[in-house]
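A.B. asks: Next comes the sequence, and after it the predicted model I'd like to discuss.
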Amino acid sequence: MGSKEKKGRVLPCGRTLPPEAPPPNEEQMQAWHSSLRDYLTREGLKYTEQRWTIARLILETGGHLDAQDIVARVKAEHPGIGAATVYRNIKVLCDAKLLEDSHRSPDGRVLYELPDEHHHDHIVCTDCGEIFEFHDDEIEDLQVKIAQNFGFKLEGHRHLIQGRCNYLKKKSG
């Protein structure tokens, strides 16, 4: 779900979501545009305005979208763009490092988000499905130690916690 739709939204549990980061500014969009063009040139792929239109809609929306959400958003604004074209461009955007496969939802859908220069992990409420981002230095340090104990140098990880929030329990009791 995009940031414009989330602001002040009340979740099924009664919790109100905090405001999200503002949408990307024109400078960031230009940087992404340039990065996409550079990637396509390096890979021998064709740049088209349609490809940028799809990328722009995804980049403006933010994260935690599945492919079906992305297709619906693109088709809502540009009905002439087919689902197959959107799916192909999701892959291109991931390969170009403008979009990343974040994690899988409890029902198995791949969720995408914009790469973040600041690493974060996710916790998913199994009651309402909402995704919360967090960062914890202790967890990060522990993961490095665990990797070292197994003889690995940590290059990356995905940390996803799934659970039921206590908010409903607190409201009723």
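C.D. replies: Great, that's in hand.

A.B. asks: what's the single longest helix in this protein?
C.D. replies: helix 26-43 (DSSP state H).

A.B. asks: Give me the helices and strands touching it, please.
C.D. replies: Under the contact definition 3 or more CB pairs under 8 Å, 6 or more residues apart in numbering; DSSP states H and E, helix 26-43 sits against helix 49-61, helix 83-95. Every C-beta, even on glycine, is put in place using the N, C-alpha and C of the backbone.

A.B. asks: deepest of those helices, which one?
C.D. replies: When the helices and strands packed on helix 26-43 are scored by mean count of other CB atoms under 10 Å, the highest mean neighbour count falls to helix 49-61 (a mean of 19).

A.B. asks: re earlier: what's the angle between the longest helix of the chain and helix 83-95?
C.D. replies: Angle, helix 26-43 to helix 83-95, by axes from the mean of the first three to the mean of the last three CA atoms, to 10 degrees: 90 degrees.

A.B. asks: Counting neighbours, which bits of helix 26-43 end up buried?
C.D. replies: Residues 29, 32-33, 36, 39-40 are the ones in helix 26-43 that count as buried (16 or more other CB atoms under 10 Å).

A.B. asks: which residues are contacting it?
C.D. replies: Outside helix 26-43, the residues that touch it by CB atoms under 8 Å, 6 or more residues apart in numbering are 24, 45-47, 51-52, 55-56, 59-60, 92-93, 95-98.

A.B. asks: Which residue, other than its chain neighbours, is closest to Arg109?
C.D. replies: With CB to CB, 6 or more residues apart in numbering as the criterion, Arg109 has its nearest non-adjacent residue at 4.2 Å, and that residue is Asp66.

A.B. asks: er, Ala147 I mean
C.D. replies: Spatial nearest neighbour of Ala147, chain neighbours left out: Leu154 (4.1 Å); criterion: CB to CB, 6+ apart.
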